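Q: Structure, please.
(2 chains)
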Amino acid sequence: MNAPVRLKTSAMIASIAAEGQRTISAPFGHALAKAAESRPRIVGMTADLGKYTDLHIFQAAHPDRFYQMGMAEQLLMMSAAGMAREGFQPWVTTYAVFAARRAYDFLCLAIAEEDLDVKVVCALPGLTTGYGPSHQATEDLAIFRGMPNLTIIDPCDAIEIEQATTALADHRGPVYMRLLRGKVPAVLDEYDYKFELGKAKLLRDGNDVLIVSSGLMTMRALETADALRADKVDVAVLHVPTIKPLDEATILVAAGAKPGRLVVVAENHSVIGGLGEAVAGAMMRGGVHAPFRQVGLPDAFLDAGALPTLHDRYGISTKAMTDNIKAWLAA
Amino acid sequence: MTGLPHEGRIAERKLNVSASAAVNMPVRQLAEHAYHIRKHALRMGAVQGQGYIGQALGVADVLAVSYFRALRYRPEEPQWEGRDRFLLSIGHYAIALYAALIEAGIVPFEERETYGSDDSRLPMSGMASYTPGMEISGGSLGQGLGIAVGMALGLKRKGSDRFVYNLLSDGELGEGSTWEAAMSAPHWKLDNLIAIVDFNNQQADGPSMDVLGHPDLVAKFEAFGWHAQRVDGNDIEALVAAFDAARELREPRPRIIICDTLMGRGVPFLESREKTHFIRVDEDEWDKAIADVDAGWVARGGAVNSAI
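A: The predicted structure is shown next:
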């Protein structure tokens, strides 16, 4: 008798690309290096995670504009604030857990309260590593949404990371962007889509379900929409890459467009304090009443293991989302 | 209100820096500025009936030497690119820095009476967005030195030869983030960074050395790669020598001056009062404290300045 197959956890930053999926390598690093060519204010700073946030691409292109600050995230935020005070635009990278948990006070008071032009770009958002709670930033959006002045971006794929990086380089003010790094899937170029700061965009329309999603969950939402077509379920997908300030107007129009249509908010984040609750609050305030469900991570410290296993276990894989939506529609 | 030609004064200092005889006049002038700073602080404390007046009186000499010996700035242009940056990480020392900024002519004298009041530019805790000359928002202790590292890196990037000063407190040395910055500054050879520690051995819950002891500070910072000095922070001549040495040092490393100060300095009944982080001053004591500061200045041969 054969033993059951057990998937391996693999590297710290497991690829989220499905087998055979088209990918682009290090989209953030390349986009930032290019943006810096014509924007001398840009500098790159990291806390011993340049290679793991694709900032090493920028470092190779602009070695004199790269600052290795050491494994010291508090210092990373403070020194970025100082750089910004002297007129530069620091792009600061680390893991999302360290920015959100360890360096919060420094990002909050040294950068956000001063409305300084610092871009904080963080790998391993939500559940994108199998290494357990020390590295899984399942509550980063909940932590950061309460921070005044801070713009929050959760891009979907390599295409959007490139576009958002360029857009943010021309935007003044503090930003937190969730980062997918390494070989990142490219999806949105198949749609008529362009990133605009603060804008939610309908990627496809459909009569039965509206999925409101951000980050990599928009890829999954599009796959779910394809999968549900076989069951004659017609799914719309509204992509919301800017978590804050939230494009409530577009969300309310979409959520209220078809009476009775199920609204599902899908996010790579805890169901507490992220996009789901933000959308729910906007709908309540806006007087839009629709059946409402959340696809997101449970309020728990999550297991270690292989990402596909964990995404299935916690309901954010395409299959889990598809099954759940079918069950909700049947209820 | 002083009308000092700050740039010219600096030029003069550089010419005379090694001539010890030339130091005597500046010391007396600096002592007068320190006397004024103490009076400004007490007047502000009287407005509120409270405040971190013990710290302000203790650090007044350090601020006088900073603003009238060391720093380059233009009072009418607080954001002048050519200024030396002075970062106050200890936000609760705002009353002390406001007094220095008023004395330096950066904050108008007339605003002194608004201290800590609604809509004032002089809030109880120092914040950059409120006050001209306040470079950062301190208050969450442990942030100043790291910001100073970033500004010093930024100044070097711009090819500027200006200095970044950071005034921190002994209690603030308990914050781990301060030590991240302490490691970083020598790593980057930040010879344009001068840290100043007001060591009054008093923090919120008691004497700093009891709360979280940090002995051998000079040896600690030297081990980290800093040029470190420890001086009597109420001895203006010693402060002048230390600040001059810190600026003139031709070594590629950051500098720190640990200043031992006395809480309440210049007001004997506050100097001897049981030391607390937040010294209690009764309503009728403010005038007495100002009289003491005046008397101290007269004892040094000065004349009372009743205009302030």
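
Q: near chain A, which residues of the stretch 151-300 of chain B show up?
A: Contacts of the stretch 151-300 of chain B with chain A, taken as CB under 8 Å from any CB of the partner chain, map to B:151-155, B:157-158, B:176-177, B:180-181, B:183-184, B:187. In short, each C-beta sits where N, CA and C put it, glycine included.

Q: Mind doing that once more with 7 Å?
A: B:151, B:153-155, B:157-158, B:177, B:180-181, B:184 (CB under 7 Å from any CB of the partner chain).

Q: So which of the residues you listed wins on neighbours?
A: Using other CB atoms under 10 Å in any protein chain shown as the neighbour test, those are led by residue B:181, with 31 neighbours.

Q: Quick one: residues contacting that one.
A: Each residue near residue B:181 by CB atoms under 7 Å, 6 or more residues apart in numbering or on different chains is listed here: A:75, A:78, B:145-146, B:149.

Q: for the stretch 101-250 of chain A, what spans make up the helices?
A: Ranges of helices in the stretch 101-250 of chain A, per DSSP state H, counting those that start in this stretch, are A:104-105, A:140-145, A:158-169, A:216-229, A:248-256.

Q: In CSV, list the ones you listed along with mean pLDDT and distance to residue B:193.
A: Shown next, in CSV, are the helices of the stretch 101-250 of chain A (pLDDT from 0 to 100; distance: least, CB to CB, whole Å):
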stretch, mean pLDDT, distance to residue B:193
helix A:104-105, 98, 22
helix A:140-145, 98, 31
helix A:158-169, 98, 29
helix A:216-229, 98, 42
helix A:248-256, 98, 45
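
Q: Can you say which of those is nearest to residue B:246?
A: With respect to residue B:246, and counting by CB to CB, the nearest of these is helix A:104-105 at 29.3 Å.

Q: from chain A, which residue is nearest to chain B?
A: For chain A and chain B, the shortest gap (CB to the nearest CB) falls at residue A:82, measuring 2.2 Å.

Q: Low-confidence ranges, chain A, go.
A: A:1-3, A:12-14 (pLDDT under 70).

Q: Check it and tell me which residue is nearest its centre.
A: Nearest to the mean C-alpha position of chain A, by CA atoms, centre = their mean, lies residue A:154 at 2.8 Å.

Q: Next, give phi and psi for that residue.
A: Residue A:154 adopts backbone torsions of phi -130, psi 90, taken as degrees, to the nearest 10.

Q: Please report how far it lies from residue A:25.
A: To residue A:25, residue A:154 is 21 Å away according to CB to CB, to the nearest Å.

Q: What of residue A:192?
A: Residue A:192 is 25 Å from residue A:25, where distance means CB to CB.

Q: what's the answer for residue B:131, then?
A: Noted for residue B:131: a distance of 48 Å to residue A:25, by CB to CB.

Q: Between the two, which has more neighbouring residues?
A: Taking other CB under 10 Å, residue B:131 and residue A:25 do not tie; residue B:131 has more neighbours (23 against 13).

Q: which stretch of helix or strand covers that one?
A: Using DSSP states H and E, residue B:131 is not contained in any helix or strand.

Q: Might one say that it is in contact with residue B:120?
A: No: the pair residue B:131 / residue B:120 is not scored as a contact, 9.2 Å apart, by CB atoms under 7 Å.

Q: what residues does the stretch 1-150 of chain B put near chain A?
A: Counting by CB under 7 Å from any CB, the stretch 1-150 of chain B sits next to chain A at B:128, B:137, B:140, B:143, B:146-150.

Q: List only buried entries from these.
A: In the residues of the stretch 1-150 of chain B next to chain A, burial by neighbour count holds for B:128, B:137, B:140, B:143, B:146-150, counting by 16 or more other CB atoms under 10 Å in any protein chain shown.

Q: just to revisit the earlier point, quick one: the helices of the stretch 101-250 of chain A as a markdown table, columns for mean neighbour count and distance to chain B too.
A: A markdown table is the format used below for the helices of the stretch 101-250 of chain A (neighbours: other CB atoms under 10 Å in any protein chain shown; distance: least, CB to the nearest CB, whole Å):
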| stretch | mean neighbour count | distance to chain B |
| --- | --- | --- |
| helix A:104-105 | 16 | 6 |
| helix A:140-145 | 23 | 17 |
| helix A:158-169 | 23 | 18 |
| helix A:216-229 | 23 | 32 |
| helix A:248-256 | 19 | 28 |
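
Q: Output those helices in a markdown table; the columns should cover distance to residue B:206.
A: Putting the helices of the stretch 101-250 of chain A into a markdown table (distance: least, CB to CB, whole Å) gives the following:
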| stretch | distance to residue B:206 |
| --- | --- |
| helix A:104-105 | 24 |
| helix A:140-145 | 33 |
| helix A:158-169 | 47 |
| helix A:216-229 | 51 |
| helix A:248-256 | 51 |
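
Q: can you give me the strands in the stretch 201-308 of chain B?
A: For the stretch 201-308 of chain B, the strands defined by DSSP state E, counting those that start in this stretch cover B:227-232, B:255-260.

Q: ugh, wrong one, the stretch 151-300 of chain A
A: Counting by DSSP E, counting those that start in this stretch, the strands of the stretch 151-300 of chain A are A:151-153, A:175-179, A:183-185, A:201-204, A:209-213, A:235-239, A:242-244, A:262-270, A:292-297.
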